[in-house]
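1. Here is the input, now give the coordinates:
(one chain, ligands or ions: 1)
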Amino acid sequence: MYTFQYEQVTSLPQATSLISEGGQALAGGQTMLAAMKQRLMAPQRLVDLSRVKDLVGIEVYGESVLIKAMTTHQTVEHSALVQEKIPSLALLAGGIGDRQVRSLGTIGGSVANNDPAACYPAALLALGATVITTKREIAADDFFLGMYATALEEGELITAVRFPVPNLSGYAKFKQPASRFALVGVYVAQTTSGVKVAVTGAGNGVFRHSELERVLTQSYKPESVDSVQIDPSQLNSDIHASALYRANLISVQTKEAVRQSLLKD
Ligand SMILES: Cc1cc2nc3c(=O)[nH]c(=O)nc-3n(C[C@H](O)[C@H](O)[C@H](O)COP(=O)(O)OP(=O)(O)OC[C@H]3O[C@@H](n4cnc5c(N)ncnc54)[C@H](O)[C@@H]3O)c2cc1C
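-> As a prediction, this is how the structure comes out:
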């Protein structure tokens, strides 16, 4: 490690002020601390959000669920509200990493980090969620800009994510066995305005698949996926899986997500 300043704040105005002066948010540290140890990041001033009570909690407003930024994956996994309104989201949170990661990792940190194999970005895109920040509200479709890139500006903090409640939804992840991140994960959500399908782990960042959305909007059943040829040309190839393998996994995981949504929602 190297020398840096550590600030423990207890209110959102305090946090916002320090972040606008160039401080870097620290949520559960699950990505941040490892990145600092490896010298991939070297913030001069860390602003620890873990004692900001206004950033923790889950609330339901009519047909939407609001999850505040510092809510841990473990809390989402066990939330009776999330289990009732969007069970696939509780399932997603319960499948993240291991128990230690889930007890410290947060939805705000996950979304801000936008790891190309993270689970939450797929949920936000498929469910048509809105990212709420200290400055504005950003639709998920406009928020994720490719690998580790988001629409967040300097000095802007995520305060919450708002999820519309779908009719049906499912998330199926083929885990990278060492990290448990998604080798390929697919989130499917059916609403009155159609079906959205978001894929994580397979490409340069999370993305929606328009052809899968089209066939599933026409007929919401696992077999519909068979008519779609997944193009591997833009997908990742690495030591874990080839692009062709990932393309096949997109079909398989989409079918599984649809199947799951019909069973559990
Ligand atoms: C072993 C391991 C396995 C994992 N497996 C999975 C998995 O299966 N699926 C998955 O989705 N994820 C996985 N993760 C990631 C994990 O879910 C964390 O959510 C992620 O690492 C972010 O951690 P954090 O919330 O502690 O944020 P931090 O590490 O504290 O912060 C991450 C980044 O987000 C910024 N940030 C944090 N909060 C905010 C905010 N409110 N507003 C603006 N910027 C903010 C920070 O400045 C930093 O740049 C895994 C992580 C580990 C270490």
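
2. And the residue of the stretch 51-200 of the chain found nearest the ligand, how close does it get to Leu26?
-> Nearest to the ligand, among the residues of the stretch 51-200 of the chain, is Gly109, at 2.1 Å (C-beta to the nearest ligand atom). (C-beta placed from N, C-alpha, C; glycine too.) Gly109 sits 9 Å away from Leu26, going by C-beta to C-beta, to the nearest Å.

3. What of Val47?
-> For Val47, the distance to Leu26 - C-beta to C-beta - is 6 Å.

4. between the two, which one's more packed in?
-> Val47 (24 against 19; other C-beta atoms under 10 Å).

5. Give me the pLDDT value at Met1.
-> Looking at Met1, its pLDDT stands at 64.

6. Quick check: bridge partners of Ile138?
-> Val131 (DSSP bridges).

7. Take the helix or strand of the chain with the lowest mean pLDDT, keep the C-alpha atoms, and write them as PDB.
-> Using mean pLDDT, DSSP states H and E, the weakest-scoring helix or strand in the chain turns out to be helix 32-37, at a mean of 93. C-alpha atoms of helix 32-37 as PDB (Å, rounded to 0.1, in the frame of the first residue of the first chain):
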ATOM      1  CA  MET A  32     -11.400  -1.000  -4.500                       C
ATOM      2  CA  LEU A  33      -9.000  -2.400  -1.900                       C
ATOM      3  CA  ALA A  34      -7.800  -5.200  -4.100                       C
ATOM      4  CA  ALA A  35      -7.200  -2.700  -6.900                       C
ATOM      5  CA  MET A  36      -5.300  -0.400  -4.600                       C
ATOM      6  CA  LYS A  37      -3.100  -3.300  -3.300                       C
END
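
8. Now for Gly109 and Leu26: what residues contact both?
-> Taking C-beta atoms under 8 Å, 6 or more residues apart in numbering as the contact rule, Gly109 and Leu26 both touch Met32.

9. if I pick Ala151, what's in contact with it?
-> Contacts of Ala151 (C-beta under 8 Å, 6+ apart): 138, 142-143, 145.

10. Select from the residues you listed every entry located in helices.
-> Those of the contacts of Ala151 mapping onto helices are 142-143, per DSSP state H.

11. Just the buried ones out of the contacts of Ala151, please.
-> Neighbour-count burial within the contacts of Ala151 applies to 138, 143; the criterion is 16 or more other C-beta atoms under 10 Å.

12. And the furthest pair within the contacts of Ala151?
-> Greatest spacing in these, by C-beta to C-beta: Ile138 and Leu145 (10.8 Å).

13. Give me the three-state assignment for Tyr6.
-> Three-state call for Tyr6 (DSSP: H, G, I helix; E, B strand; the rest coil): strand.
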